[in-house]
Each structure stands twice: as C-alpha cells, then as structure tokens.
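Fold the following and give me the result.
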Amino acid sequence: MAKHILKQMIFLTVYLAFTDACFSQETGVYLRAGLGAGKPLMETLSEELEEQGREMPEFGYVLPVSIGKKFLNEEVGAELIFSYSIIPGLRYKNDYEDFKESFGHYSFSFLIRKYLLPGKRQFSPSVGAGIGYGRSNLVSGGGRLESAELILSALIESEFRKNKQFFIEAVYTRALNTGTFEAAHIENVSGDIILDSLGNPLEENYSFFEIRAGISFYLKTPKSYY
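Here you go, the predicted model:
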C-alpha cells in the first residue's frame with residue numbers, strides 16, 4: 001500500500017511542479033506532499049531491545065500527503081493529513097518471539113494551523129495542532145497497535161513559482177494511550193500478542209519526531225473562456 005501511495009504522490013508532485021494550467025481566482029485550497037525522516041521515541045520497545053542486547057533503529061522515514069484550506073484572510077487553516085512512517089531493520093528476538101521486520105505506522109489526522117504572517121509568500125511560518133488515529137504494525141500482517149494521537153507541527157513555506165511553495169516542517173506525533181501489539185500472526189508465537197523477555201505483553205505508547213520537506217500546491221479556479 002505504501003509503495004502504491006508513494007508512486008501516486010511522486011507522479012502528482014512532478015506533474016504539478018512543472019505544469020502550469022490556466023487558473024484565475026485563488027480558492028485557498030492547497031495540496032501538500034513530501035518526504036521526511038525522524039527519530040522514534042518508543043521507550044518500552046527500546047528498553048526491550050536493550051534487554052535483548054540490541055538497539056532501537058536511530059531513524060525512521062515518513063511519507064506525508066495532505067489537503068487543506070485557508071480561512072479568515074489566510075490567518076487560519078484546516079488540514080487533513082495522511083502519513084505512513086517506517087522504521088526499517090528492527091530485529092526482535094527473545095524466548096518467545098523471533099523476527100526481523102520494518103515497523104510501519106499509518107496515521108490519519110485533522111489539524112488546525114495558525115499562520116503567523118498571513119498573506120506572505122516568500123516566508124510564511126505557521127504552527128498547528130490536531131488529533132488523529134494511528135495504527136502500528138510491528139510485524140507484517142500483525143503486531144497491530146491502535147490509538148488516538150496528538151500531532152504538533154511547525155512549518156515554513158517559501159514560494160518558488162506561482163502557487164507553488166517549498167516547505168519544511170517539524171512534526172511531533174504521540175499516541176494518547178498505551179496498548180499492546182495484538183494479533184501477531186507469527187508461527188512461533190504463543191497466543192495473539194507479542195511478548196517481552198519476561199513473557200509479559202509488550203505495551204507501548206507510539207511517539208515519533210520528524211522533519212518533513214516537500215512542495216505545497218495552492219489551487220485556483222479555472223479561467224472562463226466564455
């Protein structure tokens with residue numbers, strides 16, 4: 001699924017970045033697409049890996065896409081965000097489990113953004129906060145952890161072409177509750193949850209800090225030729 005979304009996003013980004021259509025009045029609607037990298041901040045999983053003689057991977061990668069709209073003379077924005085994060089090369093082995101996987105996380109969020117310099121194009125900073133739903137998979141097809149999430153954002157945009165802006169964004173995502181990695185479909189697992197080195201259910205609270213960069217596309221209504 002992530003690869004399919006990535007292909008679509010790359011095609012859309014390239015098309016919009018290098019194609020000028022005939023537009024007129026601004027709508028305040030924007031599309032945003034990018035890539036990012038960040039640090040996983042999952043304390044329980046990190047401690048379990050240390051107990052196993054391993055370390056939590058230092059970095060993960062994220063694919064974010066969003067659609068939003070500005071209101072109130074471009075002072076406020078509302079934004080819907082989908083992101084897929086992946087932490088590659090995670091090795092998990094104790095007396096109960098034995099697998100090597102890439103930790104994957106899907107996030108769907110709604111965010112309210114405050115623009116600090118409304119109407120500016122060359123330097124447009126904003127901050128945002130929102131809530132969402134997140135689902136993590138510790139192993140392929142299983143090890144699922146679901147939770148409501150809090151998302152905080154600080155973003156800067158700079159116009160490089162009419163209606164197109166580069167952006168760089170710092171994002172912090174944190175699950176609002178702790179849960180277990182349920183329904184792990186692994187042949188050598190006893191039961192339907194992932195266990196730690198003591199034989200207890202592995203409980204975690206997902207948390208991730210990341211830096212994203214990409215392009216924002218501000219849409220306009222088509223010109224009328226009649």
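
so what's Lys114 bridging to?
When bridges are called by DSSP bridges, Lys114 pairs up with Val76, Val127.

got the contact list for it?
The contact partners of Lys114, taken as CB atoms under 8 Å, 6 or more residues apart in numbering, are Glu75, Val76, Gly77, Ser126, Val127, Gly128. Where you see a C-beta, it was placed from the backbone N, CA and C, and this is true even at glycine.

redo that, cut-off 7 Å
Lys114 is in contact with Val76, Ser126, Val127, Gly128, counting by CB atoms under 7 Å, 6 or more residues apart in numbering.

what's the closest of the residues you listed to Ala213?
Nearest to Ala213 among those, counting by CB to CB, is Ser126 at 15.1 Å.

Return the residues in contact with that closest one.
Residues touching Ser126, when contacts are defined by CB under 7 Å, 6+ apart, comprise Arg113, Lys114, Tyr115, Leu116, Leu155.

for this protein, what spans make up the helices?
The residue ranges that make up the helices of the chain, judged by DSSP state H, are 2-18, 43-51.

And the pLDDT for Ile194?
The per-residue pLDDT reported for Ile194 equals 86.

no, scratch that, I was asking about Glu159
At Glu159, the pLDDT value in this model is 92.

give me the beta-bridge partners of it?
Glu159 forms beta bridges with Gln165, as assigned by DSSP bridges.

my guess is it meets Phe166, correct?
No - taking contact to mean CB atoms under 7 Å, the distance of 8.1 Å between Glu159 and Phe166 leaves them out of contact.

quick one on the thing from earlier: write the ChimeraX selection for whichever of the contacts of Lys114 are buried.
Applying 16 or more other CB atoms under 10 Å to the contacts of Lys114 leaves a buried subset, and the ChimeraX line that selects it is:
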select :76,126,128
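
State the pair within the contacts of Lys114 that is farthest apart.
When the contacts of Lys114 are compared pair by pair using CB to CB, the two farthest from each other are Val76 and Val127, 11.2 Å apart.

quick one: low-confidence parts of this structure?
Judged by pLDDT under 70, the chain has its weakly predicted residues at 1-26, 140-142, 183-191, 221-226.

Which stretches in it count as strands?
Counting by DSSP state E, residue ranges of the strands within the chain are 23-40, 60-71, 76-93, 98-115, 124-139, 142-161, 164-175, 179-180, 203-204, 207-222.
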